[in-house]
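Chemist: Below are the sequence and a predicted model for it; my questions follow.
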Amino acid sequence: MADSPLNSLLKGNTGRNTRGLLRIIILGTIAAAAVSSRLFSVIRFESIIHEFDPWFNFRATKYLVQHGFYSFWDWFDDRTWHPLGRVTGGTLYPGLMVTSGVIYHILRFLTIPVDIRNICVLLAPGFSGLTALAMYFLTCEMSTSPSAGLLAAAFMGIVPGYISRSVAGSYDNEAIAIFLLVFTFFLWIKAVKNGSIMWGALTALFYGYMVSAWGGYVFITNLIPLHVFVLLCMGRYSSRIYISYTTWYALGTLASMQIPFVGFLPIRNSDHMAALGVFGLLQLVAFADFVRGFIPGKHFQRLLTTMIIVVFGVAFVGLVVLTVSGVIAPWSGRFYSLWDTGYAKIHIPIIASVSEHQPTAWPAFFFDLNFLIWLFPAGVYMCFRDLKDEHVFVIIYSVLASYFAGVMVRLMLTLTPIVCVAAALALSTILDTYVLASPGPNPKAKAVEDTSSEPLRSARKPDVGVTSYLSKLVVTSSAIIYLLLFVAHCTWVTSNAYSSPSVVLASRMPDGSQHIIDDYREAYYWLRQNTPHNAKVMSWWDYGYQIGGMADRPTLVDNNTWNNTHIATVGKAMSSREEVSYPILRQHDVDYVLVVFGGLLGYSGDDINKFLWMVRIAEGIWPDEVKERDFFTARGEYRVDDQATPTMRNSLMYKMSYYNYHTMFQGGQAVDRVRGAKLPAEGPQLSTLEEAFTSENWIIRIYKVKDLDNLNRDHSNAVAFDRGHKRKRATKKKGPRVLRTE
Amino acid sequence: MPAKRTAAATGPVPAPSPPTIPSSSTTTTTTTAAASPSSSLSSGPKTLTTNSSVLDIAHTVWQQYLATTPQRTLLLDAFMGFLVLVGGVQFLYCVLAGNYPFNAFLSGFSAAVGQFVLTASLRMQTSSSTSAATVSSGGKGAKGKAAAAAAAAALGNETGGNGISHERAFADYIFGSLILHFFCINFIN
């Protein structure tokens, strides 16, 4: 599209060379734009790791760089999941860390001393440039129009749906996984087209890399067999399909089993059975096709279908039997929640509690994809028009990915590439039809004169006025306006929505200047400087990775939510009365408890707002002791003011959040700015914990767990005794409560 | 695939009813592939030209196969038969004696399967210009009747089959085998 006006000037051989050069320059520019549009956060804040999960990846990368590959492989981490520890080397996808480790060592070898943190921060933007290139290749396989590839690359470079996971500092698995996803698909299409072992083997290699990088590899594992299966059902079996698929499966499965975390899953887990089934089916089909060469018969199609039905019946029965008998692991919970959106909420609150597992809201599609979302169906329709093997792939991919993107927010990421492909196909068809800028032997002047060829090209469109300059002008200019709007939208979304590190918050002062709120790091560094190296910190699991990464202290639970019971224990400790919580804290050697409180600043992502999930998860394990209903008022409201239920007011989380909060305000004026609630004049009393640290804006509050009383009193008595000298009122706290220490 | 072919010839003779299919792995399914087409053929419609008995059909197929297949392809087929044998023995061992070194079993078995598949691919690529031209032409004929958009597919088939030279196919084969055996050795523990 960009080089269209030049086409009339560039003819023949030099023209081709010039166009090739232009294409390279355009691709380079797109990659540069993709990288630079992700640097908002670095410029605005600093070179810092974002969010939650990246902190773990960063920590693991540092470990890899320091201790070498083999000890990374055998890494047992005793500083997370405190009493249990975690076999980190065997329970992570090492692709990301190994990639940045390799880059680090290469740069070191070239005597470019770069901090590993900067590599981690800039890895995602760098790979997004590569993703744009991979997208160009993939789309070029789909379309003969050269503009489609460039358009797709440009879309992919700046589309917010992808930027959301790949801004600088978002050092997460998706950072490299999307590049691998797109490139694996490109290699796969190439393999199907050429039918060569080499492309199949390359697909398998990149698939193996993808498996090592992201759990979303299951998408490829199921999409490629589905593609093959649909092709078979369309009667399009050919030796190319056999060669590419079987090579991919045989090598790719072995490659995926090299990752310890995946291990035997490819032959045990039902998620992978479709690939195996199609592999077996393809053997049968190949053999049937082979035999067909020797038998003169017209009834082979029927034979084929009966064979497919029989084998599928047997395979399905076998799968059911094996699943029931337990040889094959049943479908994982996340998988169920893909089909039944209500499943997770009922059965596995821990999955439902993660915000990126929520169903997608409709505006999110437009927000993340802008005008691509309505070009997307048009592009899919274009694929139906000339239905080659690779177009079947686009159709299957788009149908599946649209469904999954509607189920889970984070799967928008897998939808984005195919939306870019389809939208680029549609837009390039529009532009080619109207502008007639198809490069090739026919010069522009001839094409404009030769009106007889145009109705042929656009036979399905209303051929009224397609050739007139007015319609060309209208269509082209509107397309350009949409493209410009798209760029503006992407920039706006990136700068406003996706470039916040969420470790450092930014706000505007009344005079418009920027004010940085750095409470998280303040608190984590307080922990780092003022607590013993082995002090155990309990917090809700969201902050586990950050505490491990920034404060370098052992945590009880973290974002690797593999042990639901342990998380529920923390949830119970947070949601119970002090007398119940204290023994739990003692049993887990907890020294410090960390809560996030946004009431002073109006920071809505705080622990009181997440509190109901803690209650729900705890209720899942101890339905008798923790009840979600008790935290709601009689009218079913979730309140924190003086109307709050006694259970709520006595819970440890409530007490820790609002402890001493009223002293910030004059006489009973305490207001929680998040929930807009006026708090009771008298704040909660804590007896088993003491306040250790509160950050500048009260976002992080850290409490120290008191040791057992020297005089063997229980803590509420001791506190009441201490207070008794000053205020008589506290004596009523003495009651029948009995402290149950170990 | 001589081993499977003889199995197909002898299999349905004692029992004309469709054989029971124990389908738990790829090896067994590939052997049933040998059994099911001919058995369905026998029960199929009467459009079979002259041959009426299964044995005859199988015999003609076998004769035709021997007659039309060049020496090099026969060698590949023998190798594939051997690989099926190796995979079958390993699977049998796994079923009978237990799968204790599971890594070892898996890598051995997948080495056999992978090599079989690669060899089959090589066979398809190299024999497409000579003997399997009949295969592809037959395929195209059936496809032309079956699918509406088959013209494009058949065209692609033709270019895909003939687009790759034998040397290139063999180099690809070596490349694939190297990767396969690297993974197997890495996985075998």
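Modeler: Here it is on my side, so go on.
Chemist: how far out from the middle of the chain is stretch A:202-221?
Modeler: Distance of stretch A:202-221 from its chain centroid, counting by C-alpha atoms, centre = their mean, to the nearest Å, is 16 Å.
Chemist: what comes up buried for it?
Modeler: Of all the residues in stretch A:202-221, those buried under the rule 16 or more other C-beta atoms under 10 Å in any protein chain shown are A:202-214, A:216-221. All C-beta spots, glycine's among them, are computed from the backbone N, C-alpha and C.
Chemist: Check stretch A:497-507 too.
Modeler: A:498, A:499, A:500, A:501, A:503, A:504, A:505.
Chemist: Now do the same for residue A:389: its pLDDT.
Modeler: Residue A:389 carries a pLDDT value of 86.
Chemist: Any idea how many residues pack against it?
Modeler: Number of residues near residue A:389 (other C-beta atoms under 10 Å in any protein chain shown) recorded here: 21.
Chemist: Would you check how far apart it and residue A:395 are?
Modeler: Separation of residue A:389 from residue A:395 (C-beta to C-beta, to the nearest Å) stands at 11 Å.
Chemist: Kindly report the same for residue A:114.
Modeler: Applying C-beta to C-beta, the value for residue A:114 to residue A:395 is 44 Å.
Chemist: Could you do residue B:188 as well?
Modeler: The spacing between residue B:188 and residue A:395, counted by C-beta to C-beta, is 41 Å.
Chemist: which one of those two has more residues nearby?
Modeler: Shown here are residue B:188 and residue A:395; by other C-beta under 10 Å, residue A:395 has more neighbours (18 against 14).
Chemist: Now do the helices in chain B.
Modeler: Taking DSSP state H as the criterion, chain B contains helices spanning B:2-10, B:26-43, B:54-68, B:71-97, B:102-127, B:133-146, B:150-162, B:166-187.
Chemist: Just the buried positions in the last one, please.
Modeler: Just to be clear, that refers to helix B:166-187. Buried residues in helix B:166-187, counted by 16+ other C-beta under 10 Å: B:169, B:172, B:173, B:175, B:176, B:177, B:179, B:180, B:183, B:184, B:187.
Chemist: mind giving me JSON lines with these and columns for distance to chain A and pLDDT?
Modeler: Formatted as JSON lines, the buried residues of helix B:166-187 follow (distance: C-beta to the nearest C-beta, whole Å; pLDDT from 0 to 100):
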{"residue": "B:169", "distance to chain A": "7", "pLDDT": "86"}
{"residue": "B:172", "distance to chain A": "4", "pLDDT": "88"}
{"residue": "B:173", "distance to chain A": "6", "pLDDT": "89"}
{"residue": "B:175", "distance to chain A": "6", "pLDDT": "90"}
{"residue": "B:176", "distance to chain A": "4", "pLDDT": "90"}
{"residue": "B:177", "distance to chain A": "9", "pLDDT": "91"}
{"residue": "B:179", "distance to chain A": "5", "pLDDT": "90"}
{"residue": "B:180", "distance to chain A": "6", "pLDDT": "90"}
{"residue": "B:183", "distance to chain A": "4", "pLDDT": "89"}
{"residue": "B:184", "distance to chain A": "7", "pLDDT": "89"}
{"residue": "B:187", "distance to chain A": "6", "pLDDT": "85"}
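Chemist: would JSON lines of the residues you listed with distance to residue B:88 be doable?
Modeler: Listed next are these as JSON lines, based on distance: C-beta to C-beta, whole Å:
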{"residue": "B:169", "distance to residue B:88": "27"}
{"residue": "B:172", "distance to residue B:88": "27"}
{"residue": "B:173", "distance to residue B:88": "23"}
{"residue": "B:175", "distance to residue B:88": "27"}
{"residue": "B:176", "distance to residue B:88": "22"}
{"residue": "B:177", "distance to residue B:88": "20"}
{"residue": "B:179", "distance to residue B:88": "24"}
{"residue": "B:180", "distance to residue B:88": "19"}
{"residue": "B:183", "distance to residue B:88": "22"}
{"residue": "B:184", "distance to residue B:88": "18"}
{"residue": "B:187", "distance to residue B:88": "21"}
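Chemist: Much appreciated, bye for now.
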